[in-house]
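Student: need coordinates for the following:
(chains A, B and C)
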Amino acid sequence: MPELPEVETVRAGLAVRVVGRTVADVDVLHPRAVRRQTGGAAELVARLRGRTVTAAVRRGKYLWLTLGTDAAAPPDEALLAHLGMSGQLLVQEPDQRRAAGIPDLGAPFLAPPGERPVDLTATRPPTLVRTIPATTAHLRVRLRFDDGGELWFVDQRTFGHLMATTTVPTEDGAPGGLGSDAPVLPGPVAHIARDLLDPALDRSALVRRTRARVTEVKRALLDQSLVSGVGNIYADEALWRARLHGTRRTDRLPGARLGSLFDDAAAVMRDALAVGGTSFDALYVDVEGAAGYFARSLAVYGRTGMPCPRCGAPVRREQFMNRSSYSCPRCQRRPRAM
DNA sequence: AAAGGGACCTGGCTGC
DNA sequence: TGCAGCCAGGTCCCTT
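Tutor: Model prediction:
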């Protein structure tokens, strides 16, 4: 389930493998994958053909490739992607590119100028670094670059989508997301709040806005218009680290308590990012087809009945927002009344 | 107006 | 053995 660390792992891969390449043509193999494109597949193809990718940018769980012609001006167009629950972006290189020295599957990434190197193999055991399956099952959209490489959008459950769209200026003049300095972001992402790893995030304003909400704290964590990037897995892990039950009311928590909760959420996502994210199965992989390694570091998520790493009490599972929530019954006391 | 709930999806798993 | 039903959950949209 791609949340911020998984999407960021994909973005980092795209920054290395796709930026600088030019789209020759696009094949849309499933209309649902482009359902948010007003003009459908034809419009997506028309807007991408001939465009060069200038940056890979992410805010929360959304990522986009900016499409440039003039390097000096802010990009006016972008290919927006959301992975939904099972979306993957896989870079496919023809054999001749491998022979020409492009890093093979599982090889360490080289960082472009100004970006921290991401070595996806150093922190994960070789058994979890898999080659890209040669199957085209669930292949929804295929971008073909003019150098013979391809970018595949694969999505089993079709909750994800691609969309070519114009950009709009950010409200605060800061960069639209991580991966580019341009103060723009795709129009459909304008309502998505900055995420907890965004340098331009105003933490104290976030705490104020959260306290002004009259809702449960887990709902607030999952509200992408309040703070983005957090999904069900990292919400539960953050609440466990903060020793808070998800049904605690935001308006009744001290600001300092909320502040440390957000710090815990940022920390758990940084920890996950360092090992390539969380993979339970083949549904989440990076652009090379490699699985993340954080699943073994989860404290409570998916661990019903297993001991809390802090106190040993068996992890509890509850229904919440039509989802499963996992918590420690001893470390995370349920509030008395709703 | 803010908050909550359901729909959208498919494949793997469980239980009868 | 086969099949029905459940479960996973991010986001949009509708209702309250």
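
Student: which stretches of the stretch 1-150 of chain A have low pLDDT?
Tutor: A:70-72, A:95-135 (pLDDT under 70).

Student: so A:T66 touches A:R51, yeah?
Tutor: No - judged on CB atoms under 8 Å, A:T66 makes no contact with A:R51 at a distance of 9.5 Å. (Glycine included, C-beta is placed from N, CA and C.)

Student: need the residues touching each of those two.
Tutor: Residues touching both A:T66 and A:R51 by CB atoms under 8 Å, 6 or more residues apart in numbering: A:E77.

Student: which of these two has more neighbours?
Tutor: Between A:T66 and A:R51, counting by other CB atoms under 10 Å, A:T66 is the more crowded of the two (26 against 19).

Student: what's the closest non-adjacent residue to that one?
Tutor: A:P75 (3.6 Å; CB to CB, 6 or more residues apart in numbering).

Student: show me what contacts the one you found?
Tutor: Per CB under 8 Å, 6+ apart, neighbours of A:P75: A:54-55, A:66-68, A:167, A:180, A:182, A:184.

Student: just say helix, strand or coil for it.
Tutor: coil (DSSP: H, G, I helix; E, B strand; the rest coil).

Student: count the neighbours of A:Q332 for me.
Tutor: Around A:Q332 there are 23 residues (other CB under 10 Å).

Student: make sure it is indeed in a helix.
Tutor: No - A:Q332 sits outside any helix when classified using three-state DSSP, being coil.

Student: you'd agree it is up against A:L244?
Tutor: Yes - using CB under 8 Å, A:Q332 is in contact with A:L244, at 6.2 Å.

Student: any shared contact partners between those two?
Tutor: Counting by CB under 8 Å, 6+ apart, nothing touches both A:Q332 and A:L244.

Student: the strands in the stretch 101-250 of chain A, which residues?
Tutor: Remark: strands assigned in the stretch 101-250 of chain A by DSSP state E, counting those that start in this stretch are A:139-145, A:150-155, A:161-169, A:184-186.

Student: need those strands in a markdown table (columns: mean neighbour count).
Tutor: Below are the strands of the stretch 101-250 of chain A laid out as a markdown table (neighbours: other CB atoms under 10 Å):
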| stretch | mean neighbour count |
| --- | --- |
| strand A:139-145 | 21 |
| strand A:150-155 | 23 |
| strand A:161-169 | 20 |
| strand A:184-186 | 24 |
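
Student: could I have the CA atoms of stretch A:178-196 written out in PDB?
Tutor: Output of stretch A:178-196 as PDB, limited to C-alpha atoms (Å, rounded to 0.1, in the frame of the first residue of the first chain):
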ATOM      1  CA  LEU A 178      10.200  17.400  -3.100                       C
ATOM      2  CA  GLY A 179      12.300  16.900  -6.200                       C
ATOM      3  CA  SER A 180      12.100  20.400  -7.800                       C
ATOM      4  CA  ASP A 181      12.600  24.000  -6.700                       C
ATOM      5  CA  ALA A 182       9.800  25.200  -9.000                       C
ATOM      6  CA  PRO A 183       7.000  26.900  -7.000                       C
ATOM      7  CA  VAL A 184       4.200  25.100  -8.900                       C
ATOM      8  CA  LEU A 185       2.200  21.900  -8.600                       C
ATOM      9  CA  PRO A 186      -0.400  20.100 -10.700                       C
ATOM     10  CA  GLY A 187      -3.900  21.700 -10.400                       C
ATOM     11  CA  PRO A 188      -5.500  18.500  -9.100                       C
ATOM     12  CA  VAL A 189      -3.000  18.400  -6.200                       C
ATOM     13  CA  ALA A 190      -3.600  22.000  -5.100                       C
ATOM     14  CA  HIS A 191      -5.900  20.800  -2.300                       C
ATOM     15  CA  ILE A 192      -3.300  18.300  -0.900                       C
ATOM     16  CA  ALA A 193      -1.500  19.700   2.100                       C
ATOM     17  CA  ARG A 194       2.300  19.600   2.400                       C
ATOM     18  CA  ASP A 195       3.600  16.400   3.900                       C
ATOM     19  CA  LEU A 196       5.600  15.800   7.100                       C
END
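
Student: how about it and DNA strand C, touching?
Tutor: Yes - contact of stretch A:178-196 with DNA strand C (CB under 7 Å from any atom of the strand) involves A:188, A:191.

Student: any residue of that stretch up close to DNA strand B?
Tutor: No - Stretch A:178-196 does not reach DNA strand B (CB under 7 Å from any atom of the strand); its nearest approach is 12.0 Å.

Student: list the buried ones in that stretch?
Tutor: A:178-180, A:182-186, A:188-189, A:192-196 (16 or more other CB atoms under 10 Å).

Student: hang on, A:A33 is in a strand, isn't it?
Tutor: No - assessed with three-state DSSP, A:A33 is helix; it does not lie in a strand.
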